[in-house]
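S.K.: structure for the following, please:
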Amino acid sequence: MSNSSNQISKATTTIPRIRHTPSALIRIQSVMMRHLYLMRASWPRIFELMYWPSIQIVLWGFITQFLLTNSSYIAQAAGVLVSAVLLWDILFRAQLGFSLSFLEELWSRNIGNLAVSPLRPYEFLTALMVMSMIRTLIGILPATFLAILFYEVSLYDLGLPLILFFSNLMMMGWTIGLLVCALILRVGLGAESMAWLTIFLIAPISAVYYPVDILPEWLQALAWGLPTAPVFEGMRAILFDQGFQLDLFIHSLLLNVLYFSIAIGVFLWAYHVARKRGLLLQMGE
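M.R.: Predicted coordinates for the structure are as follows:
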């Protein structure tokens, strides 16, 4: 009697497992299909998967190529790489601070309330830029003191040009932030990852860790078409005791004014279209 009961119990335990196996595969497939549909409907998600490996190999490839052909570079300016990292972080924090302040309005579904309030678009943008500067200063100031403490490298040794570099990098960060926010207004929160991706797209041709001359000739033209390359070239000129080069500053400033004006126009157009179509009320977590 006990043997028959044991056989029955074994049968009852094995049968459900056999029956549930196809259902488990279907459930797994359902979850996978959901994410595949999201990827198919949002090109920024697909772009993000390809983006980081590609940008890393390009950036570090140029760094390696430059260091191999200029072995005395570090010996001549021990703090150039640390200074470059700090200046680059100003640009990154400026753009990210602007974009995150805008995204927080979307995530909290407050952007619709702002749109129907007396707040004007230029007032909204001014507030975002001020918040971007506050976020940048909070992030970068401790890092500059740590660089002095650990590496004996002071970004403040750049003197007055540091303020000019800071201003140009902040403006470039706002320009990219405006374009990212305009893209999000057009395609929705599926493009929010661009807030973290876009700034690194220009990193290989911004001459952050190496001079523009190390780039292929066809990329050098693109580099000089960005406000960032003159800033980092100007930084290296000071660190190598070549003095402050006014022409590089003017070059960067003029490009910044041009791109910033275009970015404002693009954002205001996207904001107007989204507001007219009622898209602002549909965005949020």
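S.K.: ok, the closest residue to residue 129 other than its chain neighbours - contacts?
M.R.: Once flanking residues are discounted, residue 129 sits nearest to residue 174: 5.5 Å by CB to CB, 6 or more residues apart in numbering. Every residue, glycine included, has its C-beta placed from N, CA and C. The contact partners of residue 174, by CB atoms under 8 Å, 6 or more residues apart in numbering, come to 94-95, 98, 129, 132, 260, 263.
S.K.: correct me, but residue 172 touches residue 92?
M.R.: No. Contact criterion CB atoms under 8 Å: residue 172 and residue 92 do not qualify, at 10.5 Å.
S.K.: pLDDT score for residue 61?
M.R.: Note for residue 61: predicted pLDDT of 60.
S.K.: and for the one 4 residues further on?
M.R.: On pLDDT, residue 65 comes in at 63.
S.K.: which residue, other than its chain neighbours, is closest to the residue nearest the centre of the chain?
M.R.: Nearest to the mean C-alpha position of the chain, by CA atoms, centre = their mean, lies residue 196 at 3.1 Å. Nearest residue to residue 196 in three dimensions, chain neighbours excluded: residue 96, at 7.1 Å (CB to CB, 6+ apart).
S.K.: tell me if I'm right that that neighbour and residue 198 touch.
M.R.: No. Look at residue 96 against residue 198 with CB under 8 Å: they stay out of range, at 9.9 Å.
S.K.: those two: which is more packed in?
M.R.: residue 96 (24 against 19; other CB atoms under 10 Å).
S.K.: which SS state does residue 226 fall under?
M.R.: coil (DSSP: H, G, I helix; E, B strand; the rest coil).
S.K.: before we move on, what SS does residue 119 have?
M.R.: With three-state DSSP as the basis, the three-state label of residue 119 is coil.
S.K.: burial count for it?
M.R.: Using other CB under 10 Å, residue 119 has 12 neighbouring residues.
S.K.: likewise residue 234?
M.R.: Neighbours of residue 234 (other CB under 10 Å): 26.
S.K.: which helix or strand contains it?
M.R.: Secondary structure assignment for residue 234, by DSSP states H and E: helix 228-239.
S.K.: between helix 228-239 and the very next helix or strand once past that helix, find me the angle.
M.R.: Once the chain leaves helix 228-239, the next helix or strand it forms, by DSSP H and E, is helix 246-276. Put simply, helix 246-276 runs at 150 degrees to helix 228-239, going by axes from the mean of the first three to the mean of the last three CA atoms, to 10 degrees.
S.K.: and the helices in this protein?
M.R.: Using DSSP state H, the helices of the chain run over 2-41, 43-69, 73-76, 80-107, 111-116, 121-151, 161-187, 194-201, 217-224, 228-239, 246-276.
S.K.: nearest to residue 211, out of those helices?
M.R.: Residue 211 sits nearest to helix 228-239 of all the helices of the chain, at 6.5 Å, using CB to CB.
S.K.: residues contacting the closest one, please?
M.R.: 77, 79-80, 83-84, 87-88, 91, 158-159, 161, 165, 168-169, 172, 202, 205-208, 211-212, 223-224, 243-245, 248-249, 251-252, 255.
S.K.: residues near the residue nearest to residue 220 when sequence neighbours are not counted, how many?
M.R.: Excluding the flanking residues, the one nearest residue 220 by CB to CB, 6+ apart is residue 212, at 5.4 Å. Applying other CB under 10 Å, we find 18 other residues in the vicinity of residue 212.
S.K.: pretty sure residue 212 is in contact with residue 221, am I right?
M.R.: No. The criterion here is CB under 8 Å, and residue 212 misses it with residue 221 at 9.8 Å.
S.K.: quick one: average pLDDT of stretch 33-53?
M.R.: Averaging the model's pLDDT scores along stretch 33-53 yields 66.
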